[in-house]
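1. 3D, please:
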Amino acid sequence: MENPFEAGQVILIDKPLHWTSADVVKKIRNLVHVKVGHAGTLDPLATGLLILCTGKFTKKISEYMSQEKEYTGTFTLGGSTASYDLETEPGNFKDFSGITDARIQEIARQFTGEIMQVPPAYSAIKKNGHRAYDLARLGKTFSLEKRKITIHTFEMQSAALPVINFRVVCSTGTYIRSLAYDVGEALGCGAYLSKLCRTRIGSYSLRDALTMDAAAGKFKMGN
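-> Predicted structure coming up:
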């Protein structure tokens, strides 16, 4: 009997916190017993929508990766980290008490539209044949080239400083960690990404995604 996943299916997964995207792929591959790939990495500290393609649909991964993405989460003001998120310890603490909502909205407008962005050093981009995050973790000094990205929507709300809630709709290739860092620099007090969830890729929504437990039950039973 032919494996139905070999012809190709799209599986939407709600990636759990601390799982790597590769962890999810390996788990699903062990359940469906065919080739599986994902359309866009989520960092271990991020949660949310991960699109998986099985079998012959793995050839379509680039089509899903190129679609716009939506994220929600939080920035924390008053400090910075080497990784721009909580993979590394916060430091370089600065006073944020003078930050107003009006200033936050001004900065949101400043980063909306087509902008140039420097990827974080702790990223999978290759530099001189090595992954940037490997070089960063070894303490190597290097620089990455700016990239043109588009922020279609950028909403920030200061619920309870130093934490800012945000929603971003952006082009592929956008690093939300870099956006957090750049916002902190613009505000003059530093900032890092403290929570991230991908809620949409193109027309695919997190609302329709399976948890890992639900996926295990569904595919183990052959549904």
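
2. What does residue 75 show for phi and psi?
-> With angles defined as degrees, to the nearest 10, residue 75 sits at phi -110, psi 150.

3. What count of nearby residues applies to it?
-> Using other C-beta atoms under 10 Å, residue 75 has 27 other residues around it. To be clear about C-beta, it is placed using only N, CA and C from the backbone, and glycine gets the same treatment.

4. which residues of this protein fall in helices?
-> Assigned by DSSP state H, the helices in the chain fall at 21-32, 61-65, 101-110, 132-137, 176-187, 212-220.

5. Looking at those helices, which is nearest to residue 116?
-> helix 176-187 (10.1 Å; C-beta to C-beta).

6. low-scoring pLDDT stretches of this structure, where are they?
-> Low-confidence segments of the chain, defined by pLDDT under 70: 1, 221-223.

7. Where is the longest strand in it?
-> Under DSSP state E, the strand in the chain containing the largest number of residues is strand 147-160.

8. ok, that one: who's next to it in the sheet?
-> Sheet pairing of strand 147-160 (DSSP bridges) gives strand 113-117 (antiparallel), strand 163-170 (antiparallel).

9. distance between the shortest one and the chain's centre?
-> A distance of 17 Å separates the centroid of the chain from that of strand 113-117, by C-alpha atoms, centre = their mean, to the nearest Å.

10. same deal with stretch 101-116?
-> Per C-alpha atoms, centre = their mean, the centroid offset for stretch 101-116 relative to its chain is 20 Å.

11. Quick check: which of the strands paired with strand 147-160 is nearest to residue 80?
-> Of those, nearest to residue 80 by C-beta to C-beta is strand 163-170, at 14.4 Å.

12. what comes up buried for that closest one?
-> Neighbour counts using 16 or more other C-beta atoms under 10 Å place 164, 166, 168-170 of strand 163-170 among the buried residues.

13. Rebuild those residues as TSV, extending it with distance to residue 18.
-> Converted to TSV, those look like this (distance: C-beta to C-beta, whole Å):
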residue	distance to residue 18
164	23
166	22
168	22
169	26
170	24
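
14. so what's residue 155 bridging to?
-> Residues in beta-bridge contact with residue 155 (DSSP bridges): residue 167.
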